[in-house]
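Enquirer: Test case, fold it:
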Amino acid sequence: MIETVILADASEATRAALKESLLGAGYAVTSATDGTEAKAALDAAAEDGCGPDVLLIDPVIEGIAGYDVIRLAKQRFPETVIVAISGGTRSVPAELALELARQSGAGLCLRKPFRSDELVRIVRQLTAASAGRDRTGT
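Expert: Below is the predicted model:
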């Protein structure tokens, strides 16, 4: 079964690079430009009856706050691996954004910049460790 990733980041360049790396590693990737699109992807997963294997999200994205999307994903799909990625903003330092993401339910937090191959390696490890879990959202 192909493992699924919802990737939510405002940066088109970041989304493109990460999506390419994840697709190359065999993951199915749904991209979102903001929190509203990320929530819609979670809603679609719930309708399909199976949550994503991974939610990869910048907690300081526009629309619905990334922190709220993390909480929603954790509530709906407790077995989904949630990885927060952030370089911060002018008003929110990366350390604060990632700490708030951790408090919201992210299992792993990575500070940007990082290498795409490093992220793929981490995602592989996390999904392998949680293989066989129930992601139906029930």
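Enquirer: switch to C-alpha atoms for all contacts and neighbour counts from now on
Expert: Fine.
Enquirer: Show me what the strand or helix carrying Thr127 is in contact with.
Expert: Using DSSP states H and E, Thr127 sits within helix 116-129. Contacts of helix 116-129 from elsewhere in the structure, counted by Cα atoms under 8 Å, 6 or more residues apart in numbering, are 17-18, 21-22, 25, 53-54, 81.
Enquirer: can you rerun that using 6 Å?
Expert: The contact list for helix 116-129, computed with Cα atoms under 6 Å, 6 or more residues apart in numbering, reads Leu18.
Enquirer: List the buried residues of it.
Expert: For helix 116-129, a neighbour-count test (16 or more other Cα atoms under 10 Å) marks 116, 119-120, 123, 126-127 as buried.
Enquirer: which of those has the weakest pLDDT?
Expert: Across the set of these, Thr127 stands lowest in pLDDT, at 86.
Enquirer: Geometric centre of this structure: which residue is closest?
Expert: Note on the chain: the residue nearest the mean C-alpha position is Leu56, at 1.6 Å, using Cα atoms, centre = their mean.
Enquirer: Pull up the gap between Ile82 and Leu55, please.
Expert: The gap separating Ile82 from Leu55 is 5 Å, by Cα to Cα, to the nearest Å.
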